[in-house]
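Q: Just the structure for this:
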Amino acid sequence: MGNVETSEELYIALKEAKDYFLNSISHSSLMVHIYTHLDADGLSSGAIIGKTLFRERIPFRIRILKQLEKEQIIRIKQELESDEYFVILTDFGSGQYLEIINQKEDIGEMRNLLIIDHHLPQNVDNMDDSQVLEIKNDSKPWHINPYFYGINGSNEVSAAGLTYLFSKTLNQKNIDLAYIALVGAMGDIQNQAPNHAFFGLNVRILEDAINTNQVEVIDDLMFSPIKPLNEAIAYSNELNLPGISGNSSKSLIFLKKIGILMEKSNGEIRTLNDLDKNEKRKISSAIIEYALKYQIEPEEIIQNLVIKRYILKNETSGSELHELHEFSNLLNSCGRSDNGSLGIAIAMGDRKEAYQKAQNQLQEYKKTIMNFMHWIQEGDKIKELENIQFFFGEGRIPDTMIGTIASMLIFDKGEIINKNKPVLGCAKREKEGVFKISARADKKIVEKGVNLSEAIRKALEKSNLDILGGGHPPAAGTKVPIDKIDAFLQNFDEVIKKQNKI
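A: Below you'll find the predicted structure:
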């Protein structure tokens, strides 16, 4: 985690960015145009800045993008040159900032642009890169990035977190948006401390949410709190219990055998939310005993069984919005299903029409995701080179979901993939003649030196491709022409091989 001194530097930079923003729009009638990413973190970021501007009565509009690619950058540059818009980029922009400013020599003179992003800046390989300080000094005050202050954007703060801190700097009343920042962080799986807790700058944001009575933190069993209990246990990504995992019927039998009443008075199957503390203790004890029977290390079970759960106190109990993880799933499903505007509306406070529509499509989204996972597992779709593994969407998995599937494969407790190698998901965009590439790596190999953001860029260079790419060490992406995919994969394999030797 960045130390207190570097965090305070960030707060100073946020104040400078606020002054720069207010000064820019006070001397003109600029429309603020927000561009943000379609995942949960991006939608949370867009909602926070949208709500902030709405409260300040500053006119704005929000555009949701799959990625910030050269085609979109051309449009943004035209808007900046027109002097009609103030452009805010959230959850992307750092990895493309040189393209946006058009390699200007005096980039400190940028106007009408604000980037709030947590990805590694363009051409930067890691947070210790000497270029980070240079970029930070050159792009003040219009570029906010945690790496400038020694804060890891992969796991200590998300784009939504930075956007929230900017929002609170603009007006302290926006402290009530802290919980949306945590939804974004959860969507980017930043709860990576023991028992799935937050750490780093996210802890400060959590303190704001707790102090304003928005969030309560409890210790709970790690299963989904809103799925039927037998399904939540059977299809958990955290535990692999032989004979139970993947089989909701066997899970139901297991629960009945230990005396858990499974039906409510209305005939519905109970969820984790319906259980009392004694019932939860009975389940945890039975699972540990069951694991020992199959010679599974009890420490492995205990570490994963109990987690920190973040409850949103002002939301309806049992709803998809009552718990951070479920809330982030809902937003992610909106963005990945081309319904990002619903996610923005929900995160900004809509609990009627937008929420109802999102609930309906969430169920379809979950079914679709599970079908994709079964398709990959049963169809032997994972291919391997010496140092990497990859799979193709084959016309089934769209480019908006390929990253989600790659992430699920990394976090799955089964043996679908080899966790010692990065996995790349490749989804074809027929109209563009490219593959969208989403790369993911287990944190154990990232800790040993694998850096997917760097690997993506180097593989593009080795493939003679002038294409933007990058992200974080454990998660990165790009796009590759269809006729270059084989060469790119081979080059990516070679780059990972070198990283493994460092």
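
Q: For stretch 216-230, measure first residue to last.
A: Taking C-alpha to C-alpha, to the nearest Å, the first and last residues of stretch 216-230 lie 26 Å apart.

Q: Stretch 409-423 now?
A: With C-alpha to C-alpha as the measure, stretch 409-423 spans 8 Å from end to end.

Q: Touching it from outside, list them.
A: Residues outside stretch 409-423 that contact it (C-beta atoms under 8 Å, 6 or more residues apart in numbering): 189, 236-240, 245, 304, 373, 376-377, 382, 384, 387-391, 406, 439-442, 444-445, 450, 452, 455, 496. To be clear about C-beta, it is placed using only N, CA and C from the backbone, and glycine gets the same treatment.

Q: The stretch 151-300 of the chain: strands as residue ranges?
A: 215-221 (DSSP state E, counting those that start in this stretch).

Q: Break down it into its helices, ranges please.
A: In the stretch 151-300 of the chain, the helices defined using DSSP state H, counting those that start in this stretch lie at 159-170, 178-187, 201-211, 229-234, 248-257, 277-293, 298-305.

Q: export those to JSON lines and tack on distance to residue 96, mean neighbour count and mean pLDDT?
A: Converted to JSON lines, those look like this (distance: least, C-beta to C-beta, whole Å; neighbours: other C-beta atoms under 10 Å; pLDDT from 0 to 100):
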{"stretch": "helix 159-170", "distance to residue 96": "14", "mean neighbour count": "29", "mean pLDDT": "98"}
{"stretch": "helix 178-187", "distance to residue 96": "20", "mean neighbour count": "30", "mean pLDDT": "98"}
{"stretch": "helix 201-211", "distance to residue 96": "23", "mean neighbour count": "20", "mean pLDDT": "97"}
{"stretch": "helix 229-234", "distance to residue 96": "40", "mean neighbour count": "22", "mean pLDDT": "92"}
{"stretch": "helix 248-257", "distance to residue 96": "44", "mean neighbour count": "16", "mean pLDDT": "94"}
{"stretch": "helix 277-293", "distance to residue 96": "46", "mean neighbour count": "15", "mean pLDDT": "91"}
{"stretch": "helix 298-305", "distance to residue 96": "37", "mean neighbour count": "15", "mean pLDDT": "77"}
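
Q: wait, which of the ones you listed is closest to residue 337?
A: helix 178-187 (14.7 Å; C-beta to C-beta).

Q: Only alpha carbons, please: show that closest one as CSV.
A: Only the C-alpha atoms of helix 178-187 are listed here, as CSV (Å, rounded to 0.1, in the frame of the first residue of the first chain):
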residue,chain,number,x,y,z
ALA,A,178,-18.5,6.1,-1.2
TYR,A,179,-20.5,2.9,-1.5
ILE,A,180,-20.7,3.1,-5.3
ALA,A,181,-16.9,3.4,-5.3
LEU,A,182,-16.7,0.1,-3.4
VAL,A,183,-19.1,-1.5,-5.9
GLY,A,184,-16.5,-0.6,-8.6
ALA,A,185,-13.6,-1.9,-6.5
MET,A,186,-15.5,-5.2,-5.9
GLY,A,187,-16.2,-5.5,-9.7
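
Q: now it, how far from the chain's geometric center?
A: Taking C-alpha atoms, centre = their mean, to the nearest Å, one finds helix 178-187 lying 10 Å from the centre of the chain it belongs to.

Q: by contact count, what packs against that helix?
A: With contacts taken as 3 or more C-beta pairs under 8 Å, 6 or more residues apart in numbering; DSSP states H and E, helix 178-187 sits against helix 40-55, helix 159-170, helix 201-211, strand 215-221, strand 306-312, helix 324-336.

Q: need the ones you listed in CSV with distance to residue 122, can you?
A: Listed next are the helices and strands packed on helix 178-187 as CSV, based on distance: least, C-beta to C-beta, whole Å:
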stretch, distance to residue 122
helix 40-55, 18
helix 159-170, 16
helix 201-211, 22
strand 215-221, 35
strand 306-312, 33
helix 324-336, 24
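
Q: Which among those is found nearest to residue 195?
A: Smallest distance to residue 195 across those (C-beta to C-beta): 5.1 Å, for strand 306-312.

Q: Would you mark the buried spots in the closest one?
A: 307, 308, 309, 310, 311, 312 (16 or more other C-beta atoms under 10 Å).

Q: Taking their axis directions, it and helix 178-187 sit at what angle?
A: With axes from the mean of the first three to the mean of the last three C-alpha atoms, to 10 degrees applied, the angle from strand 306-312 to helix 178-187 works out at 140 degrees.

Q: gap between the residue nearest the centre of the chain and residue 325?
A: The chain has residue 188 as the residue nearest its centroid, 2.3 Å off, counting by C-alpha atoms, centre = their mean. Separation of residue 188 from residue 325 (C-beta to C-beta, to the nearest Å) stands at 12 Å.

Q: What of residue 49?
A: 23 Å.

Q: The two: which is more packed in?
A: residue 49 (27 against 21; other C-beta atoms under 10 Å).

Q: Give me the pLDDT value at that one.
A: pLDDT for residue 49: 98.

Q: just checking, it touches residue 89?
A: No. Applying C-beta atoms under 8 Å, one finds residue 49 not in contact with residue 89, separated by 10.2 Å.

Q: quick one: common contacting residues for those two?
A: Both residue 49 and residue 89 are contacted by 34, 36, 116, under the criterion C-beta under 8 Å, 6+ apart.

Q: which helices and strands does the lowest-mean-pLDDT helix or strand in the chain pack with?
A: Ranked by mean pLDDT, DSSP states H and E, the weakest helix or strand in the chain is helix 298-305, scoring a mean of 77. Counting contacts by 3+ C-beta pairs under 8 Å, 6+ apart, helix 298-305 is packed against helix 277-293.

Q: Run the chain-centre distance for the helix it packs on.
A: Distance of helix 277-293 from its chain centroid, counting by C-alpha atoms, centre = their mean, is 31 Å.

Q: can you list the residues that contact that helix?
A: The contact list for helix 277-293, computed with C-beta under 8 Å, 6+ apart, reads 220-221, 239, 241, 244, 254-255, 258-260, 272, 275, 298, 300-302, 305-306.

Q: in the strand or helix carrying residue 99, what's buried?
A: Using DSSP states H and E, residue 99 sits in helix 97-101. Residues 97, 99, 100, 101 are the ones in helix 97-101 that count as buried (16+ other C-beta under 10 Å).

Q: next one: stretch 54-74
A: For stretch 54-74, a neighbour-count test (16+ other C-beta under 10 Å) marks 58, 60, 62, 64, 65, 66, 67, 68, 69, 72, 73 as buried.

Q: would you list the buried residues of strand 306-312 in a markdown table and tack on pLDDT and distance to residue 216?
A: A markdown table is the format used below for the buried residues of strand 306-312 (pLDDT from 0 to 100; distance: C-beta to C-beta, whole Å):
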| residue | pLDDT | distance to residue 216 |
| --- | --- | --- |
| 307 | 91 | 14 |
| 308 | 94 | 11 |
| 309 | 95 | 9 |
| 310 | 97 | 8 |
| 311 | 96 | 4 |
| 312 | 97 | 8 |
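
Q: As a markdown table, those with distance to residue 471 would be great.
A: Below are those laid out as a markdown table (distance: C-beta to C-beta, whole Å):
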| residue | distance to residue 471 |
| --- | --- |
| 307 | 26 |
| 308 | 26 |
| 309 | 28 |
| 310 | 25 |
| 311 | 31 |
| 312 | 28 |
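
Q: follow-up on the earlier one: give the ChimeraX command for selecting the buried subset of the shared contacts of residue 49 and residue 89.
A: Filtering those down to the buried ones (16+ other C-beta under 10 Å) takes a single ChimeraX command:
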select :34,36,116
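
Q: Nothing else from me, thank you.
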